[in-house]
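Visitor: One predicted model, sequence on top.
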Amino acid sequence: MPTRRRAFLILAALCLLAVASIGLALMVGSLRIAPTEVLAALLGQDSAGVDVVLQLRLPRALAGFACGGLLALAGALMQVLLRNPLADPYVLGISGGAGVGALFAILLGLPVLGVDALAFAGALGAMLLVFGLAHGDGSWTQSRLLLTGVIVAAGCGALVALMLALAPDDRLRGMLFWLMGDLAQAGSAGPSLLALVAALLLAMPFARELNLLARGLMQAQALGVAVNRLRYTIYLLASLATAASVTTAGSIGFVGLVVPHLVRLATGNDQRLLLPASVLAGGSLLVLADTLARTLIAPQQLPVGVLTALIGVPVFLFLLSRQPK
């Protein structure tokens, strides 16, 4: 099968999966809504569940798709940048910084907008701290960046534990749900969808250079790639994508780690196909996981991060068992 045709079929199948996952999210829940009523609501017609579909489920499903796509894109970029298949969007302490900012806002009793603002500020602060410490005297290696991120993440984890220990009981549940990932408080999906489109459009022009970088630093330099510029750009892009996702939905694990691996099995390691395919697959996975989190013990809701971890752990162990020695 020609490569272009195969790529088209893969992307078309993932687009159908994305549409199906969002459609399922609009139909199921504490109140079951028939497909015809969902379609009528989307077309602006009067139906029994129009308010539930348009005001509750659709914004949450779109926000979940955007966050899953951002995490999967950031994971794919991080794995190329660090040349480490175990790299994920949170490996550089960005999630920890966002957690410190968000929990501090909840501790102060700030509204949702304040929580989002401090979470994004914390993520950016952690990103700048890791970059500054790793860059240091002007040298920057994958190992130095990775180790710096691990140390910063450990420090953020200590601050998070301290705030949880000091938090009053009436705010502790909200703090724990944020740390485990929760789309229940996701408001408008517009900012996260805009961030997803912008991140993908900015990443795609670098796909060919990323293919060369995946072969090795020396090979990429010999073939004319401006490696330092590329690494700075990809680090900044992946960090901002992670920050946008964490600000919207909290800390959701394993999407950025597992999804690029699964997509790579079907598409290979060509970043021109891997990046958009990861976005579609990651968004679909998070929407399906959130739908399951809403319906598993309805009317109670589970943190979606718990579901992604329960799905991601066995999948990743399976992928590890399939890898050649």
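Guide: Looks like it arrived, so ask away.

Visitor: State the mean pLDDT of stretch 252-269.
Guide: Taken as a whole, stretch 252-269 carries a mean pLDDT of 88.

Visitor: Give the buried residues for that stretch.
Guide: For stretch 252-269, a neighbour-count test (16 or more other C-beta atoms under 10 Å) marks 252-264, 267, 269 as buried. Just so you know, the C-beta spots here come from the backbone N, C-alpha and C atoms, and that holds for glycine as well.

Visitor: Now, those that are in strands?
Guide: Members of the buried residues of stretch 252-269 lying in strands (criterion: DSSP state E): none.

Visitor: Going by distance to residue 8, which of those wins?
Guide: residue 267 (11.8 Å; C-beta to C-beta).

Visitor: Just after the helix or strand containing residue 165, pick out the following helix or strand.
Guide: Using DSSP states H and E, residue 165 maps to helix 142-166. Later in the chain than helix 142-166, the nearest helix or strand by DSSP H and E is helix 169-180.

Visitor: residues in contact with the residue nearest the centre of the chain?
Guide: Ranked by distance to the mean C-alpha position of the chain (C-alpha atoms, centre = their mean), the top residue is residue 71 at 1.9 Å. By C-beta atoms under 8 Å, 6 or more residues apart in numbering, residue 71 lies in contact with 89, 241-242, 245, 252, 255-256, 259, 282, 286.

Visitor: at 6 Å what do you get?
Guide: 89, 245, 255-256, 282 (C-beta atoms under 6 Å, 6 or more residues apart in numbering).

Visitor: Sitting in helices, which of these do you find?
Guide: Secondary structure from DSSP state H places 245, 255-256, 282 of those in helices.

Visitor: low-confidence ranges in the stretch 1-150 of the chain?
Guide: Scanning the stretch 1-150 of the chain with the threshold set as pLDDT under 70 gives 1-2, 136-140.

Visitor: now the helices: where do they sit in it?
Guide: 3-27, 35-42, 50-51, 58-82, 94-108, 112-135, 142-166 (DSSP state H, counting those that start in this stretch).

Visitor: Give me whichever of those is most buried.
Guide: Comparing the helices of the stretch 1-150 of the chain by mean neighbour count (mean count of other C-beta atoms under 10 Å), helix 58-82 ranks first with a mean of 28.

Visitor: and it with helix 94-108, angle?
Guide: Here helix 58-82 runs at an angle of 140 degrees relative to helix 94-108 (axes from the mean of the first three to the mean of the last three C-alpha atoms, to 10 degrees).

Visitor: now helix 58-82: how far from the chain's centre is it?
Guide: Centroid separation for helix 58-82 versus its chain: 3 Å, with C-alpha atoms, centre = their mean, to the nearest Å.

Visitor: neighbours of residue 229, just the number please.
Guide: 11 (other C-beta atoms under 10 Å).

Visitor: Might you report the residue contacts of it?
Guide: By C-beta under 6 Å, 6+ apart, no residues touch residue 229.

Visitor: now the helix or strand it falls within: how far from the chain's centre is it?
Guide: Taking DSSP H and E as the criterion, residue 229 maps to helix 227-249. Computed by C-alpha atoms, centre = their mean, the chain-centroid distance of helix 227-249 equals 11 Å.

Visitor: Excluding its own residues, what touches the host helix or strand of residue 191? List them.
Guide: Per DSSP H and E, residue 191 falls inside helix 190-203. Contacts with helix 190-203, where a contact means C-beta under 6 Å, 6+ apart, come from 63, 66-67, 69-70, 73, 237, 241, 244, 248, 275, 279.

Visitor: From residue 81, how far off is residue 207?
Guide: 13 Å (C-beta to C-beta, to the nearest Å).

Visitor: now swap in residue 225 and tell me
Guide: 13 Å.

Visitor: what's the answer for residue 263, then?
Guide: Taking C-beta to C-beta, one finds residue 263 at 17 Å from residue 81.

Visitor: quick one, phi psi at residue 298?
Guide: As for residue 298, its main-chain torsions (degrees, to the nearest 10) stand at phi -50, psi 140.

Visitor: That one: neighbouring residues, count only.
Guide: Residue 298: 13 neighbours (other C-beta under 10 Å).

Visitor: Now do the contacts for it.
Guide: Counting by C-beta under 6 Å, 6+ apart, residue 298 touches residue 30.

Visitor: rerun at 8 Å
Guide: So residue 298 contacts 29-30 (C-beta under 8 Å, 6+ apart).

Visitor: how near is it to residue 292?
Guide: 10 Å.

Visitor: same check, this time on residue 39
Guide: 23 Å.

Visitor: cool, and residue 242?
Guide: Residue 242 is 23 Å from residue 292, where distance means C-beta to C-beta.
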